[in-house]
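Asks: Could you look at this predicted model? Sequence included:
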Amino acid sequence: MAVERMSRVAETSPAIGRFDVHRVREDFPILRQAMHGRPLVYLDNANTTQKPRAVLDAMQAFYEGYNANIHRATYLLSERATAAYEGTRTAVQRFVNAADRREIVLTKGSTDGINLVAQSWGRSVLRPGDEVLISWLEHHSNIVPWQLACEQTGARLRVVPIDDRGEIVLEEFDRLLGERTRLVAVGHVSNALGTINPVEDIIRRAHAAGALVLIDGAQAAAHMPIDVRALDADFYVFSGHKMFGPTGTGVLYGRAELLERMPPYQGGGDMIESVSFEKTTYNAVPYKFEAGTPNIAGVVGLGAAIEYLERLDRAAARAHEDELLAEATARIAALPGIRLIGRARHKSSVLSFVIDGVHPHDIGTVLDREGVAIRTGQHCAQPVMDRYGVAATARASFALYNTREEVEALVAAVAKAKEMLG
C-alpha cells in the first residue's frame, strides 16, 4: 500500500541519539554540492531550511503511489491520501502538545495563519477603541495583518519598544497593556536578531489583563520544543519550510473554544457542510478554515519533517547550534570595523552584523563567491532596522546541520569582504 510505503520511508533514517552533525548532514542531499567551486556553506536558515531525504522521499512517494484529492472521494487512492494528510495533523498535535486534533489548522505558513486570525477573530471581535499590542521586533507578517484589521475595525495598534540589546522592554509592555488590549501578538524568536522573547511571562501578563495572545513561532519550531499547553498560548503559528519541511505549508494552533466561535476566513470547497443559494452552513473545526484543495504533498512532507525532528536528540541539537552561534558571534565581533546588531542575553540561531561603510548587499556578494550563503537586507523587519539606524544587515543563521568548519569559512569570508570593501 502507498501509505505503508510512506511510513517505511520515514523509517529509512535510524533514530539519531547522541547528536552527530556529520551523520545528520548525510540526510541533506543539497549540502553536498559546490558553489563557485567551493563547498556550499548554507547559513540562511532563518529564511528557509534545507530538506532531509526523508521529506523528499515522502513527497515523491505521495505523487508516485497515492496522488489523489482528500476528503472528497470514496475510492482507495483518495482514502490513502486523506489518511496521510490527517496523519500529519496528528503529528502536529503531538509536536506542539495540543489537547485536541481540532486545534490544528493546516495552513500555507505562518503568514497565512496570522492573517487567518486577524481576519477571522480580529474582524469579528475588535471594535473601535480596542487595542492590539505588538513589539518592535516583529516580522512584517506580524505587523501588517494587524494594521489591516485595525483599519477595518477602528481598533488601535500599539507597539512595545525594544532596548539596545534587542530585547522587549517589559516595563513598557506593562505600561501599554491595559483594559482595552484585546490581543498581544509577539514572535517567539526574532528573525532579524535571534532574540528569544520571554513568551511565557508575556502570556501570563497578558492573560492577567484579560487579553488573548498569538505567538509567531516561525523561528522557534526548528530549534526548541513547543508546548502550547505549557505556554498557555491562545494561538501559535509556524511554517513548514523553516523546520526542514516544504514551502507552502504551516500550522495555526488555536484553542478549540476560540476556533469554534471564529467565522470562516475563506469560502470554497471542503469548508462547508451544506450550500444553497439562500444559506450556507460550515464544516466543523478545523476544516471550516481549510477551503479548497490544499498542498497535499507538502503536508505529507511536513509530517515527515516532524517525524525527522522527533528522531533527533533535540536538546543536543540545540546545544550544538548554540555553540556555533557563540563561536561565530565572538569571532565576527573580534574583526575590526564590524558592528553586531542585536546582542540579547537569550538568542537562537541568528547573527546580524554590519561592516562600517559597506552595504550588506556587497558583503553578501563577496561571501557568495566564497561559497557562503547568507541573507542581506531588512529581513522583512524594517522597523528593527530603523531602531538601529541601519538600512540593512548581513545575517548568518544556523541550523542543526551546520558545522564549526562552516563557522571558520564564514569568518574567513567576512574578513575577506572587509579587506576588499572596507
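Replies: Perfect, I can see it now.
Asks: okay, residue 14: pLDDT?
Replies: Here the pLDDT value assigned to residue 14 is 41.
Asks: What of the one 4 residues further on?
Replies: At residue 18 the predicted local distance difference test score is 63.
Asks: cool, the one 5 residues further on as well?
Replies: As summarised for this prediction, residue 23 has a pLDDT of 96.
Asks: what's the neighbour count on residue 175?
Replies: Neighbourhood size, residue 175 [other Cβ atoms under 10 Å]: 10. Heads up, the C-betas are built off the backbone N, CA and C, glycines and all.
Asks: distance of the closest residue to residue 342 other than its chain neighbours from residue 379?
Replies: Computed as Cβ to Cβ, 6 or more residues apart in numbering, the closest residue to residue 342 that is not its neighbour in sequence is residue 193, at 3.1 Å. From residue 193 across to residue 379, the span is 9 Å (Cβ to Cβ, to the nearest Å).
Asks: do residue 371 as well
Replies: Relative to residue 379, residue 371 is positioned 22 Å away (Cβ to Cβ).
Asks: Check residue 293 too.
Replies: Here the criterion is Cβ to Cβ. By it, residue 293 lies 32 Å from residue 379.
Asks: Pick out whichever of those two has more residues nearby.
Replies: Each of residue 293 and residue 379 has its neighbours counted (other Cβ under 10 Å); residue 379 has more, 23 against 13.
Asks: Quick one: classify that one as helix, strand or coil.
Replies: Here residue 379 is coil, with the state taken from DSSP: H, G, I helix; E, B strand; the rest coil.
Asks: tell me the phi and psi of the spatially closest residue to it that is not a sequence neighbour?
Replies: Distance criterion Cβ to Cβ, 6+ apart; nearest residue to residue 379, sequence neighbours excluded, is residue 192 at 4.5 Å. For residue 192, the backbone dihedrals (degrees, to the nearest 10) come out as phi -90, psi -30.
Asks: dump the residue contacts of residue 192.
Replies: 137, 139, 341-342, 350, 352, 378-379, 381, 384-385, 393, 395 (Cβ atoms under 8 Å, 6 or more residues apart in numbering).
Asks: So which of those residues are in strands?
Replies: 350, 352, 393, 395 (DSSP state E).
Asks: partner residues bridging the nearest residue to the third one once chain neighbours are set aside?
Replies: It refers to residue 393. The shortest distance from residue 393 to any non-neighbouring residue, by Cβ to Cβ, 6+ apart, is to residue 352 (4.2 Å). Here residue 352 sits in beta bridges with residue 395, as judged by DSSP bridges.
Asks: Surely residue 352 and residue 390 touch.
Replies: No: counting by Cβ atoms under 8 Å, residue 352 does not reach residue 390; the two are 9.3 Å apart.
Asks: Pull up the overlap in contacts between the two.
Replies: residue 341.
Asks: the more surrounded of those two?
Replies: residue 352 (32 against 15).
Asks: measure that one to residue 190 for me?
Replies: Taking Cβ to Cβ, one finds residue 352 at 9 Å from residue 190.
Asks: any common contacting residues for those two?
Replies: Contacts common to residue 352 and residue 190, judged by Cβ under 8 Å, 6+ apart, are residue 342.
Asks: Which residue ranges make up each domain of this structure?
Replies: 76-310, 313-421 (automatic domain parsing).
Asks: Make CSV from these and add distance to residue 42 to it.
Replies: Formatted as CSV, the domains of the chain follow (distance: least, Cβ to Cβ, whole Å):
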stretch, distance to residue 42
domain 76-310, 12
domain 313-421, 5
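Asks: With that, I have no additional questions.
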